[in-house]
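Peer 1: how does the following fold in three dimensions:
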Amino acid sequence: PSLITTALLAFIGKWNGVLWPLLVTSSESLRPLQVGLLYFVSEEGPNYHHLMAAATFTIAPIVVLYLIAQRWFHQGITSTGLKG
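Peer 2: As a prediction, the model looks like this:
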């Protein structure tokens, strides 16, 4: 359970990365969804209804992964502070 918890938290950390893919990729077709969310903010301000719809699609893989690994995730979190 602790390895699955660590893997899940590491995946979420890498999935939400914006700065590194923005620096490394030169083509817009290779950039991930999180970088694409930046395009919904224009000079007039954020386009909230489109931004929230795109954010829903962006978090969908994380929610699915959490639902699959939910049992092991909770066991890993609860056993972290226990001794013996």
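
Peer 1: ok, now how distant is Arg31 from His74?
Peer 2: Computed as C-beta to C-beta, to the nearest Å, the Arg31 to His74 distance reads 34 Å. Backbone N, C-alpha and C define where each C-beta goes, glycine included.

Peer 1: of those two, give the one with the bigger neighbour count.
Peer 2: Shown here are Arg31 and His74; by other C-beta atoms under 10 Å, Arg31 has more neighbours (17 against 12).

Peer 1: tell me what the longest helix along the chain is packed against?
Peer 2: Looking across the chain with DSSP state H, the single longest helix is helix 48-68. Applying 3 or more C-beta pairs under 8 Å, 6 or more residues apart in numbering; DSSP states H and E, we find helix 48-68 packed against helix 2-15, helix 33-36.

Peer 1: out of those, which gets nearest to Ile68?
Peer 2: helix 2-15 (9.6 Å; C-beta to C-beta).

Peer 1: can I take it that Tyr39 is in a strand?
Peer 2: No. Membership of Tyr39 in a strand is not supported by DSSP: H, G, I helix; E, B strand; the rest coil, which gives helix.
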